[in-house]
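Dropping the sequence and predicted coords here.
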Amino acid sequence: MVLCKGRPGCIHHAWTTVDFTWRRWIFSTDEKLDRILSDLSQIKKHWNIVEDREIIITDFEASISNFEQFALDEKKLAKGTINNQKSITRSYLSHCGGQINHDSVKSYLSSNDDEDWKSNQLKALRRYIRDFLKLGNWITEFKFSKTKAKVKKEDIPTDEQLAYFCSLLPYPVQMIFLILLTSGLRVGEVLKLQKSDINFETNMIDASNIHKGETKSSWLSFITRQTEDYLQSYIETEIFETDNPKLFDISYNKVQESFQNMSYQTRIFIKPHLLRTIFSEKCSEAGIDGKYIDAFCGRTPKRVLDANYTIYSPKSLREQYDNVEDFLTLPFAEDDENWFWDYFL
C-alpha cells in the first residue's frame with residue numbers, strides 16, 4: 001500500500017500537523033520565557049536586586065580606595081561621612097581577614113555590646129557590602145536600633161540663657177547659632193548656605209539643593225525677623241561682594257569648639273544639635289503639625305515632598321512658620337551680663 005503524502009486524513013499529514021503545532025508551541029514558549037526573563041532583569045535593575053554572594057578581599061587598601069571614589073562619585077557623600085565609613089570598613093576587613101560573608105559580619109558586630117556602636121558600624125557595612133561590592137541584600141538581615149537620648153525639659157535652656165550664650169559667641173558663630181535655632185537646619189547645611197539661598201523678603205531659606213547624596217535631605221525653612229535683622233548687618237560688614245558668596249567661612253569643628261568653650265565659660269551647656277531640638281520643641285509648643293516640623297528639619301523624603309507639593313509649598317510652610325516665630329524670638333538686652341550673674345549668684 002502506498003501512503004499518500006500531504007492529503008488531509010493521511011498519517012503523514014497528521015504527524016506533520018502535530019510536529020508543526022509542537023514546534024510552534026516551543027517557539028511561542030521560548031518567546032514568552034525570553035520576555036519574562038527580560039522583565040525580571042528590568043525589575044532587578046530598577047530595584048537594585050542582586051543575588052547574594054560572598055567574596056574574599058585580598059588588597060584591603062585598594063578596595064577601600066575604590067569604595068571612597070564610589071561614595072564620592074555615585075553617592076555624593078560628605079567627606080566626613082566617607083572618612084568615617086572608610087575607617088569602619090578598614091576595621092571590619094582587618095577583623096574578618098578579607099572574608100566578606102554573613103558569619104564574618106555577625107562576628108564583627110558581636111565584638112562590641114554597645115547597640116549605638118553596632119548601628120553606626122552597620123550603616124557603613126551596608127554601604128560597602130551591599131551598595132559598593134553588590135553582594136546582595138543579606139547584610140540587611142542585621143538590625144540594631146540606635147538609642148536616641150531624649151532631652152529632658154529641665155535640660156533645655158531658657159530663652160534668657162539662649163540669648164546670653166549666643167551674645168558671647170564669636171560674631172560668625174552668633175549668626176550660625178541664630179539660624180540653627182530659628183530654622184531647624186543641620187550645622188552642615190547652615191555652613192553651606194550661600195547668600196542667594198535666603199529670600200529676605202519672606203525670610204525663606206531654600207536648602208533643597210544642599211544635599212546631593214541619599215542619606216540626608218533638606219527642603220525649605222525660615223528665619224525670624226529678628227534673625228534677619230542681625231544677619232543683614234552681618235552680611236553688610238562681613239561678606240565681600242562676589243557672585244554668590246558663602247555666608248560662613250568657618251569649619252564644622254570650629255563651630256563645635258566655640259560652643260564647647262562657651263558652655264564651660266557660662267555653665268550653660270549647649271551643643272549645636274540641641275538648637276535643632278529646641279526648634280522642634282518650640283514648633284510643637286506653637287501647635288504646628290509634626291509633618292511640617294519634619295519638613296522644616298529636612299526629615300521628609302523627597303518623594304513625599306514631590307507628591308504633596310501643595311502641602312509643602314513655600315506659601316503653606318510660611319503660614320505654619322508664622323505660628324512659631326514669636327516663640328523663637330530671643331530677649332537680647334544690653335545688660336545680659338548682669339542678668340547672668342543675678343541668675344547664678
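Here it is on my side, so go on. Numbering: from 1, shown residues only.

Tell me where the stretch 101-250 of the chain has helices.
Per DSSP state H, counting those that start in this stretch, the stretch 101-250 of the chain carries helices over the ranges 102-109, 115-125, 159-167, 171-183, 187-191, 225-238.

These: which one's closest to Leu33?
Distance to Leu33, taken as Cβ to Cβ, is lowest for helix 102-109 among the helices of the stretch 101-250 of the chain, at 32.3 Å. From N, CA and C alone the C-beta is placed, and that goes for glycine too.

low pLDDT regions in the stretch 101-250 of the chain?
For the stretch 101-250 of the chain, applying pLDDT under 70 flags the ranges 144-154, 211-217, 241-244.

how about 50 then?
Confidence mapping of the stretch 101-250 of the chain against pLDDT under 50 gives the ranges 214.

and the protein, what are its domains?
In the domain annotation for the chain, the residue ranges read 55-141, 153-344 (automatic domain parsing).

From the chain's centroid, how far away is the shortest one?
On the basis of Cα atoms, centre = their mean, to the nearest Å, domain 55-141 is displaced by 18 Å from the centre of the chain it belongs to.

what's the closest of the domains of the chain to Asp34?
Between those, domain 55-141 lies closest to Asp34; by Cβ to Cβ that is 24.8 Å.

Shouldn't Ile268 be within a strand?
No: going by DSSP: H, G, I helix; E, B strand; the rest coil, the assignment for Ile268 is coil, not a strand.

and it, what does it touch?
Pro157, Gln161, Tyr164, Phe165, Met262 (Cβ atoms under 8 Å, 6 or more residues apart in numbering).

cutoff 7 Å now
By Cβ atoms under 7 Å, 6 or more residues apart in numbering, Ile268 lies in contact with Pro157, Gln161, Phe165.

how close does the second one sit to Gln260?
In this structure, Gln161 lies at 16 Å from Gln260, with Cβ to Cβ, to the nearest Å as the measure.

again, but for Asn253
10 Å.

the more surrounded of those two?
Between Asn253 and Gln260, counting by other Cβ atoms under 10 Å, Gln260 is the more crowded of the two (14 against 9).

which residue sits closest to Leu72, ignoring its sequence neighbours?
Ile82 (6.6 Å; Cβ to Cβ, 6 or more residues apart in numbering).

Could you report the distance from the one you found to Glu68?
Distance of Ile82 to Glu68, computed by Cβ to Cβ: 6 Å.

count of residues packed around Asp34?
When neighbours are counted by other Cβ under 10 Å, Asp34 registers 10.

Report the secondary structure element holding it.
Using DSSP states H and E, Asp34 maps to helix 11-46.

for the record, mean pLDDT for that helix?
Averaged across helix 11-46, pLDDT comes to 62.

cool, stretch 303-320 as well?
The average pLDDT within stretch 303-320 is 90.

send the alpha carbons of it over as PDB?
Output in PDB follows, covering the C-alpha atoms of stretch 303-320 (Å, rounded to 0.1, in the frame of the first residue of the first chain):
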ATOM      1  CA  ARG A 303       9.200  61.600  47.100                       C
ATOM      2  CA  VAL A 304       6.700  62.700  49.700                       C
ATOM      3  CA  LEU A 305       7.500  66.400  49.000                       C
ATOM      4  CA  ASP A 306       7.100  65.900  45.300                       C
ATOM      5  CA  ALA A 307       3.800  64.000  45.700                       C
ATOM      6  CA  ASN A 308       2.400  66.600  48.200                       C
ATOM      7  CA  TYR A 309       3.700  69.900  46.900                       C
ATOM      8  CA  THR A 310       0.600  71.900  47.800                       C
ATOM      9  CA  ILE A 311       1.000  70.800  51.400                       C
ATOM     10  CA  TYR A 312       4.700  71.600  51.500                       C
ATOM     11  CA  SER A 313       4.700  74.700  49.200                       C
ATOM     12  CA  PRO A 314       6.600  77.900  50.300                       C
ATOM     13  CA  LYS A 315       3.200  79.600  51.000                       C
ATOM     14  CA  SER A 316       1.900  76.700  53.100                       C
ATOM     15  CA  LEU A 317       5.100  76.400  55.100                       C
ATOM     16  CA  ARG A 318       5.300  80.200  55.700                       C
ATOM     17  CA  GLU A 319       1.800  80.100  57.100                       C
ATOM     18  CA  GLN A 320       2.900  77.400  59.500                       C
END
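
ok, and what's touching that stretch?
Applying Cβ under 7 Å, 6+ apart, the contact partners of stretch 303-320 are Thr202, Met204, Trp219, Leu220, Phe222, Ile288, Tyr292, Ala295.
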